[in-house]
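Participant: Generate coordinates for the sequence data below:
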Amino acid sequence: MNALEIIGTIIGLAYLYFEYKSSIYLWITAIIMPAIYIVVYYKAGLYADFGINIYYLFAAVIGWVYWLYKQDGAKNKKFPITRTPTKYHVIFSVAFIVSFIAIAWILVQFTDSDVPYLDSFTTALSIVGMWMLTKKYVEQWLVWIAVDIVSAGLYIYKGLYFTSALYILYTIIAIFGYLNWIKLMKNEAA
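Facilitator: Just a heads-up that it's a prediction; the model follows:
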């Protein structure tokens, strides 16, 4: 299991690099990494994280197509980084709350998870974060900072030390990624 976790960590680092650069290549690693972590999380008993990685596979394909063809179908036209429209704040909040409650209920009722609420929290917030990343909203980084901090602690508790180290690094990079995307957004607007 450690070898698979280490491979997933290395691919995760490549993912972070491409996301930081706002590169479309992040979606290639976003397809490979969840395939690995589906196995890692299932064996660790992190069933919501297992499930979210199935979602990540599908979302990565959608993200790849969305970024490739942009919103208007004009291939190779620069897809800009933007702020999250105010109208989506309520939608994202409701999506998080409904997802959290549903996932927690499933984990409590149907699994032997010893961390159903933390697992549900990171999973529900990740659903929102991935949706925001697909749309290239700069605030997606703030969502990932919260996910990464909680996940790092959760993975230490579950004995997934390489993955925990990756999520600590994710937290640091997410802070810099947020600042970088703000700079990129301003440069694109200029």
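Participant: all helices of the protein, in order?
Facilitator: Counting by DSSP state H, the chain has these helices, from start to end: 2-20, 26-44, 47-69, 86-110, 116-134, 140-157, 161-189.
Participant: Select, out of those helices, the one closest to residue 79.
Facilitator: With distances scored as C-beta to C-beta, the stretch of the helices of the chain nearest to residue 79 is helix 47-69 (5.6 Å). For glycine as for every other residue, the C-beta is placed from the backbone atoms N, C-alpha and C.
Participant: Counting by contacts, list what that closest one packs against.
Facilitator: Identification of packing neighbours for helix 47-69 by 3 or more C-beta pairs under 8 Å, 6 or more residues apart in numbering; DSSP states H and E yields helix 26-44, helix 86-110, helix 116-134.
Participant: how big is the angle separating the first one from helix 116-134?
Facilitator: Helix 26-44 and helix 116-134 are oriented at 170 degrees to each other (axes from the mean of the first three to the mean of the last three C-alpha atoms, to 10 degrees).
Participant: in stretch 37-55, what counts as buried?
Facilitator: Within stretch 37-55, the residues scored as buried using 16 or more other C-beta atoms under 10 Å are 37-38, 40-41, 44, 46-53.
Participant: er, stretch 148-167 I mean
Facilitator: In stretch 148-167, residues buried by neighbour count (16+ other C-beta under 10 Å) are 148-152, 154-155, 158, 160, 162-164, 166-167.
Participant: related to what we said a few turns ago, among the helices and strands packed on helix 47-69, which comes closest to residue 11?
Facilitator: Using C-beta to C-beta as the criterion, the shortest distance between residue 11 and the helices and strands packed on helix 47-69 is 4.7 Å, found for helix 26-44.
Participant: For the closest one, what is the distance to the chain centroid?
Facilitator: 11 Å (C-alpha atoms, centre = their mean, to the nearest Å).
Participant: With just CA atoms, put it into CSV.
Facilitator: Once non-C-alpha atoms are left out, helix 26-44 reads as follows in CSV (Å, rounded to 0.1, in the frame of the first residue of the first chain):
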residue,chain,number,x,y,z
LEU,A,26,-3.6,19.6,-14.4
TRP,A,27,-6.6,17.6,-15.7
ILE,A,28,-4.3,14.7,-16.9
THR,A,29,-3.0,14.2,-13.4
ALA,A,30,-6.5,14.8,-12.1
ILE,A,31,-7.5,11.7,-14.0
ILE,A,32,-4.6,9.5,-12.9
MET,A,33,-4.4,10.5,-9.2
PRO,A,34,-8.0,9.6,-8.2
ALA,A,35,-7.6,6.2,-9.9
ILE,A,36,-4.7,5.5,-7.4
TYR,A,37,-6.4,7.0,-4.4
ILE,A,38,-9.6,5.0,-4.9
VAL,A,39,-7.6,1.9,-3.8
VAL,A,40,-5.7,3.7,-1.1
TYR,A,41,-8.8,5.2,0.6
TYR,A,42,-10.9,2.1,0.3
LYS,A,43,-8.2,0.0,2.0
ALA,A,44,-7.9,2.7,4.7
